[in-house]
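> Below is the sequence, then the predicted model.
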Amino acid sequence: MDLLTFARGPALKIALAVFCVGVTWRIVSIALLRIRRTENRPRNSWLRSALSGVVAVGSRSWPHRAFIARTGAGEALGYSYHLGLFAVVLLFTPHILLIGSLSGVTWPGLPSGAISVVSVLTVTLLLAVVFRRITHPVLRLLSNADDYFSCFITLLVLVTGIAATAHIGGPYQTLLAFHILSFDVLLLWFPFGKLMHAFYIFPSRALNGALLARKGAVS
Amino acid sequence: MNESAVIPGATIAAGEDRSDAARVTGAMRGFALEIGALSAFRMESCIHCGICAEACHFYIATDDPQYTPIWKVEPFKQAYKREASAFAPLVRLLGLKREVTAAQLENWQHLLFDSCNLCGRCSLICPMGIDVAALIEQARHAMFDAGLAPKELYAKAAHQKRTGQPEASAERYRERLLAIGKDFGVEIPLDRTQVDLMLCVPRTDIEDYPGAVAALARVMAHLGISCTFRSDGLVAENYGYFAGGKEWQRDISLRLIDQVIACGAKVLLVPECGHAYTALRWEAADLYGAPLPFRVLSVTEFLADELRAGRLALNRADLGKTTFQDPCQLVRKGGVNDAPRALLAALGVDLHELENHGGFAFCCGGGGGVVDIERAAPLRYRAMETKLREVDDTGATTFLTSCSDCRRTFDDAKAHFDWERKPQSLLELVAANLAGPGRSA
């Protein structure tokens, strides 16, 4: 079995299995902890609170006016590379075809030239994010191996993808194998580290928004 | 903690000397009691983006990363990962998270108590929607169980649990209350039964602002409200809440709850005291174990309701340029957003808002018991500077608030900085501008 066959065969299957089981267990393990009911009287109805929770999912995507001056640039940097990631993952035609072969659903992609530009831009932004994490006193204090490894593996998938597409650094088959292998590692790592935020972000915002609205407070 | 500035040593309350092992065991027991799905979810969701620092006046004033709000719960995130998270056995096996140590907990006393007002501003900035302040409050519970509540808060909580008032006074508060009534020429309703509403009073007002106590009684009399103070449930503040002693908080809350039930009131009116509002409006029922058999209202929202219902009319107050300090617990965390401004509008106040106001206002710096912690004063003064600058920038000649702890904190700043503004009570302003003869007349 050559490296490419291994990467997109057994390695991918194992990685997907670990991803699915791990993510499910990580979410279930929280749900298994006690959920306390509160006895205080809400100021707003559960319906209004729930709607506020839904609104908070969107409104927390950008800082409130009071905070923009201090956090706008950092948040813009973070969101920019996420947008780049989404574009590369979901709008690159080979990725769409792969997803289509598994799900039967396809959609139009961006021209490969545009994807190349976006990919390089995304890598640059992600490097800037890592640089900021290393140099900003608050981020440096908070950061641990999980944060750095999550950034590293994301970068690796992007860089090997660019290399494979541009045929830089070796035969295409080998580069593609490295790209898929790095993605396998990302899937394996996903349930254990910070990448899980992809599953937490919307329910977390919604919950906080709903709980604050329950008290009539701004969210 | 390599990057932090000076961390003052922990203060240990008398009677709370313990071995390191006992301290860690206590903290972990307290922590385990607190961990539920909600707090676990909050800790899991943190992406270490550090944005919460940018909402915190302690960080903004110092640029010291240790004051990043989520960092203040780091030992408890560490313990959660090691003991209760999805892959806790793996975390322990591979040594990915170290056990929390007594020394670490002692260092964190400064972060959890001296440098956090529980103001909740960080909970509004988090892009993941984490209520960081709620986690800090839970961490305080664990610190209390480790015997690591700051000595001042511990002593006041212990005294209040035992006697009903947070510290000894030359004259017991009951007598002091009656004396205030005499001094200000207002009747103090005391120990009545079968009333509609029960009143309580901030210890800060009893000690420092008797005019606010008289104002409360005067407004109630003017409105013809059937109400009473109760000798056995006078004090609004809850030092158990500040110290993190959940059982003590419960006992102190029960003292008031029992009195409301005893006098048959349908409403417990929380005076101008933000943390008392949080403790009674949002936390007491959970500690009581059932919905409270009465409503809890802040005096500010009660007066605004009376105004809206047409039962309260106010004269215009000629104050000149005025600004208003939003108490965090009442507004940002309590949802009493519109009431203060409804009253200010009815008084015809020329309101000039602070740069950050309403739910986004900065804390006065004294909340969460910080104003009572002697060691925290230098840091508190630094953190307050942002707020004082905002007040100065409005050019207001009158500075109002509706929280006696805010008032006390600003008065302290007035003395410390030789600041020219004097905070005044919104309730006292209302009492001084009541229109009409009143219904009790």
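Everything's here; your move.
> Can you read off the pLDDT for residue B:15?
Residue B:15 carries a pLDDT value of 75.
> hang on, it in a strand?
No: counting by DSSP: H, G, I helix; E, B strand; the rest coil, residue B:15 falls outside a strand, being coil.
> how much space is there between it and residue B:391?
Going from residue B:15 to residue B:391 by Cβ to Cβ, to the nearest Å gives 41 Å. Every residue, glycine included, has its C-beta placed from N, CA and C.
> Between these two, tell me which one has more neighbours.
Shown here are residue B:15 and residue B:391; by other Cβ atoms under 10 Å in any protein chain shown, residue B:391 has more neighbours (22 against 10).
> For that one, what are phi and psi?
Torsion angles at residue B:391 (phi, psi; degrees, to the nearest 10) stand at phi -60, psi -50.
> and what of residue B:197?
Taking degrees, to the nearest 10 as the convention, residue B:197 sits at phi -140, psi 140.
> how deep is it tucked in, by neighbour count?
Count around residue B:197 with other Cβ under 10 Å applied: 22.
> Residue B:288 now?
Using other Cβ under 10 Å: residue B:288 sits among 16 other residues.
> so residue A:202 sits in a helix?
Yes: under three-state DSSP, residue A:202 sits within a helix.
> Test my guess that it contacts residue A:57.
Yes: counting by Cβ atoms under 8 Å, residue A:202 touches residue A:57, with 5.1 Å between them.
> Would you point out which residue is most central in chain B?
In chain B, the centroid-proximal residue (Cα atoms, centre = their mean) is residue B:275; its distance is 2.5 Å.
> So that residue lies in a helix, does it not?
Yes: assessed with three-state DSSP, residue B:275 lies in a helix.
> That one: what's its closest spatial neighbour, skipping adjacent residues?
residue B:329 (5.2 Å; Cβ to Cβ, 6 or more residues apart in numbering or on different chains).
> for residue B:115, same thing?
Using Cβ to Cβ, 6+ apart, the closest residue to residue B:115 is residue B:58 (4.5 Å).
> Which pLDDT value goes with the one you found?
Looking at residue B:58, the pLDDT reads 98.
> ok, it touching residue B:383?
Yes: using Cβ under 8 Å, residue B:58 is in contact with residue B:383, at 4.9 Å.
> ok so, going back, next, the contact list for the residue nearest to the centre of chain B, please.
Applying Cβ atoms under 8 Å, 6 or more residues apart in numbering or on different chains, we find residue B:275 in contact with B:118, B:237, B:238, B:241, B:242, B:329, B:367, B:368, B:369, B:405.
> Just name the closest of those residues to residue B:431, please.
residue B:405 (19.5 Å; Cβ to Cβ).
> Quick check: what element follows the host helix or strand of the closest one along the chain?
Using DSSP states H and E, residue B:405 sits within helix B:404-417. Using DSSP H and E, the helix or strand that follows helix B:404-417 in sequence is strand B:423-425.
> what mean pLDDT would you report for that following strand?
On average, strand B:423-425 scores 96.
> separation between the closest residue to residue B:60 other than its chain neighbours and residue A:151?
Leaving aside its chain neighbours, residue B:60 sits nearest to residue B:386 (6.0 Å; criterion: Cβ to Cβ, 6+ apart). Distance, residue B:386 to residue A:151, using Cβ to Cβ: 33 Å.
> just residue A:82 next, same as before
For residue A:82, the distance to residue A:151 - Cβ to Cβ - is 12 Å.
> So which of these two has more stuff around it?
Comparing residue A:82 with residue A:151 by other Cβ under 10 Å, the one with more neighbours is residue A:151, at 19 against 15.
> separation between that one and residue B:177?
As for residue A:151, its distance to residue B:177 is 61 Å (criterion: Cβ to Cβ).
> got a pLDDT number for the closest residue to residue B:313 other than its chain neighbours?
Sequence neighbours aside, residue B:435 is the residue nearest to residue B:313 in space, at 4.0 Å (criterion: Cβ to Cβ, 6+ apart). Predicted confidence (pLDDT) for residue B:435: 94.
> Ok, residue B:4 next?
If you check residue B:4, the pLDDT there is 47.
> Skip the chain neighbours and tell me the closest residue to residue 144.
Answering for chain A, as no chain was given. Counting by Cβ to Cβ, 6+ apart, the residue nearest residue A:144 is residue B:48, at 7.4 Å.
> Chain B, not that one
residue B:244 (3.6 Å).
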